[in-house]
Every structure is written in C-alpha cells, then in structure tokens.
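K.L.:
following is a predicted model, sequence given first.
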Amino acid sequence: MIQLDNLTKVFDTPKGAVTAADNISMEVPAGEICILLGPSGCGKTTTLKMINRIIRPSSGRVFINGEDTTDLDTQTLRRNIGYVIQQIGLFPNMTIEENISVVPRLLGWDKTKYRERARELMDMIALDPDAFLKRYPSELSGGQQQRIGVARALAADPPVMLMDEPFGAIDPINRAVIQDEFLKMQEALQKTIMFVSHDIDEAIKMGDKVAVFREGKLVQYSTPDDLLAAPRNAFVESFLGEDRTLKRLNLVRVRDVVSDEIGTVSPGDTLETALARIDDFGYQNAIMVVNDKRQPLGLITRALARTTRGYCRDHVQKVPATVSLDDDLRKVASQMFAQDTTWLPCLDDQGRVCGQITQRAMTHYLGSRFRPSSSDARQSDAATEE
C-alpha cells in the first residue's frame with residue numbers, strides 16, 4: 001500500500017547541506033502498522049512528512065496503492081491520507097462534531113452522512129456522542145482530545161494513516177488504554193499505517209513491522225520479534241537496550257511454547273499414584289487433578305503425596321494459577337515468579353487442561369530461535385564495522 005523509492009531530503013542550512021533522509025526505500029503492506037523508530041534527529045519524522053508532502057522530497061518517489069504521487073495535487077493527496085500528530089491540532093473554535101467532519105465536508109459529503117459518520121466514530125473511540133459532540137476541545141481532557149484527533153483522521157475512511165508520536169503527550173495509564181483501543185479498531189479497520197515513535201515498548205506493542213533509523217538512514221526493517229532477537233548491528237542492539245530479550249516476552253504466546261505432555265490424575269487415584277506421576281515429570285512439584293472432561297479440580301503437591309495416604313479426591317489443593325494459549329510469556333513469567341514455580345498448567349478455550357509451560361521451555365525458545373550461525377555472526381560484525 002505504501003512504497004518509498006529512494007526517498008531523500010536535503011536541507012540547506014547556513015552551515016551547508018544536511019541530509020535528513022538518505023535514500024529511504026521500504027514497503028508497507030496493506031493493513032499493517034509500520035513503526036518508524038530511532039533517536040531524535042534520525043530522519044523518521046522527515047520521512048513520514050514526505051509521504052503527505054508536508055515536507056517536499058529532494059528526490060525519490062512515494063507510491064500509494066501503486067500510484068506515483070509525485071504529480072498528484074497536494075490537497076487531493078492529503079485528503080486521502082489520515083494524519084494524527086502529538087499536538088493533536090484540533091480547531092479550538094469548532095465543536096467536536098465539526099472537527100471530526102472537516103475532511104468529509106471538504107470532500108462534499110452531505111450533512112446527514114458526515115454527522116452519522118461522526119457519531120459512528122465517537123462510538124468507535126469509546127466516547128459518548130451525545131455527551132461530547134457539541135463540546136469544544138477545551139472542555140476535554142488531553143486523552144479525550146487525542147482520541148478525537150484519531151477519529152478526525154479516520155473520518156473520510158482513508159486507506160492510509162500517518163501518525164507522528166500520537167500518544168506521546170499522554171500519561172502512561174491513559175496511553176496504554178488508548179493504544180489498546182486503537183489496536184482493537186485496527187483489527188476491524190485494517191488501515192495501512194506509518195507511525196513515528198521514540199518509545200521501544202510502544203513500537204513492539206503496536207507494530208507489525210519496525211523500521212529503525214540512524215542519521216537519516218534506514219538501518220533495519222523487520223518484524224518486532226526479528227528485531228529483538230536478531231538486531232542487525234551494534235547500534236540497533238544498543239538502542240533496543242540490554243533487556244531486549246525480556247521485551248520479547250510480550251510477543252510470544254503460550255501456544256508457541258506449550259507442551260502437551262502433562263501428568264494428571266483423577267479424583268479416584270491414590271496419592272501413591274500421584275507421587276509416581278509427579279516423579280515421571282521431574283521438574284514439576286505438583287500434579288493436576290482433573291475430572292473426566294479434563295477440567296482442573298485442583299492439584300496434589302509432592303510434599304503432600306510423600307507424607308499422606310489416601311485418595312486424591314480427599315486432599316485436593318487449590319490451583320494457584322493457570323494460563324491460556326493466547327496469554328503472552330510476560331504474563332506467564334509474572335505468574336511463575338508470584339507463585340514461586342517453574343511450571344504452570346495451560347487451559348484451552350473450554351477450560352480443559354491441554355498442556356503445560358515450563359521455565360525451561362521459555363528459556364530455550366527465547367535463546368535458541370534466533371541463535372546466529374557463524375556466517376550470520378560474520379555479517380553482523382561487518383555491518384557493525386560499517
């Protein structure tokens with residue numbers, strides 16, 4: 001949907017020419033979010049603004065859905081691209097409804113249509129249209145204004161959206177809420193989005209792809225998991241931080257790591273049987289008690305099974321924690337630390353025990369999936385030297 005072909009911007013300054021963006025070439029597939037990431041002054045915002053021609057390129061081309069936009073009228077180009085900025089930019093003398101309807105009105109929509117669109121978008125961003133549409137921006141909180149900015153960018157249903165640190169000025173709690181709501185909207189809308197951020201955690205959370213910039217150059221363009229697992233050179237590795245492996249916990253789901261080999265016992269089994277099955281799975285300190293539908297009833301600990309006689313049904317203890325297939329490994333790690341355990345049972349969508357996840361399996365997955373070969377290491381060293 002978005003293709004940049006050797007896009008370059010050179011600014012003339014009193015001290016001479018400065019290259020802000022240096023031959024940037026990349027493609028963003030339809031329906032994906034691409035995060036432009038990097039330190040201040042690296043060229044990410046300049047690159048974004050060249051797409052809707054707020055900054056005119058010195059050379060190179062921008063294609064939107066296969067169409068070269070070089071000779072396209074600037075107003076027509078911008079009306080077909082949604083644009084959201086950190087400063088929000090709502091018109092203070094217009095109501096919320098009027099702000100949202102700016103582009104549809106310019107495109108000639110009739111009054112009924114753009115009013116209905118405004119109400120639809122208010123529902124989408126979780127703000128009551130009856131309570132907010134007739135208010136002015138000054139009557140809204142910063143987080144609410146930012147939501148209106150997103151709604152305004154979506155008003156004419158553009159296929160492409162550009163977002164320049166849209167959530168950067170919002171406090172961390174509201175930022176997380178708005179990010180989650182935006183991702184839910186994106187699941188339904190499937191817009192093609194380029195999104196400038198300086199926040200690595202935001203980039204990992206929001207992006208289908210991440211483009212890392214340095215001094216006007218595109219250094220690495222890959223999925224968040226590839227980026228964290230295999231940074232291309234020392235700069236990218238340093239920029240991501242020493243905890244980049246921990247950041248990958250957010251990206252990996254239990255279903256990627258879960259083992260379907262899990263010992264269970266039934267209520268009618270003896271504690272002696274339970275102990276034997278615990279020993280079969282040496283890294284477990286307990287075993288699940290399940291009914292005939294494999295739903296968890298509780299667990300039997302190793303300590304109990306060693307010191308007590310009888311049947312499992314009479315000694316079932318509460319299961320301290322379980323995980324689901326769609327949980328991420330960050331949640332799993334948190335539960336393991338909280339419960340002082342190295343394994344957790346996993347339940348499927350019907351609440352049945354379907355496997356287990358272990359600390360050992362998580363460590364192996366994170367450590368081995370992108371363990372570089374010797375040739376990869378040589379290429380990385382060469383890139384670092386460059």
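P.N.:
Now that the structure is in, tell me what you want to look at.
K.L.:
what is the nearest residue to Val150 once chain neighbours are set aside paired to in the beta sheet?
P.N.:
Using CB to CB, 6 or more residues apart in numbering and skipping residues adjacent in sequence, the residue nearest Val150 is Val84, 5.6 Å away. C-betas here are computed from N, CA, C, even on glycine. According to DSSP bridges, the partner residues bridging Val84 are Met163.
K.L.:
correct me if wrong: Val84 contacts Gly149.
P.N.:
Yes - Val84 is within contact range of Gly149, at 5.1 Å (criterion: CB atoms under 8 Å).
K.L.:
so for those two, which residues contact both of them?
P.N.:
Pro166 (CB atoms under 8 Å, 6 or more residues apart in numbering).
K.L.:
and the residue nearest to Val150, what is it in contact with?
P.N.:
With the criterion set at CB under 8 Å, 6+ apart, Val84 makes contact with Gly149, Val150, Arg152, Ala153, Met161, Leu162, Met163, Asp164, Pro166.
K.L.:
just the buried residues of these.
P.N.:
Buried subset of the contacts of Val84 (neighbour count, 16 or more other CB atoms under 10 Å): Gly149, Val150, Arg152, Ala153, Met161, Leu162, Met163, Asp164, Pro166.
K.L.:
quick one: low-confidence parts of the stretch 51-200 of the chain?
P.N.:
Counting by pLDDT under 70, the stretch 51-200 of the chain has low-confidence residues at 87-88, 169.
K.L.:
ugh, wrong one, the stretch 251-386 of the chain
P.N.:
282-283, 369-386.
K.L.:
and with 80 instead?
P.N.:
By pLDDT under 80, the low-scoring segments of the stretch 251-386 of the chain are 281-284, 368-386.
K.L.:
which residues of it fall in helices?
P.N.:
According to DSSP state H, counting those that start in this stretch, the stretch 251-386 of the chain carries its helices in the segments 271-280, 302-307, 329-339, 359-368, 374-385.
K.L.:
helices or strands next to the fourth one in the packing?
P.N.:
Using 3 or more CB pairs under 8 Å, 6 or more residues apart in numbering; DSSP states H and E as the contact definition, the elements that helix 359-368 packs against are helix 329-339.
K.L.:
if we can go back for a sec, dump the helices of the stretch 251-386 of the chain to TSV, plus distance to Leu249.
P.N.:
Converted to TSV, the helices of the stretch 251-386 of the chain look like this (distance: least, CB to CB, whole Å):
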stretch	distance to Leu249
helix 271-280	28
helix 302-307	28
helix 329-339	4
helix 359-368	8
helix 374-385	23
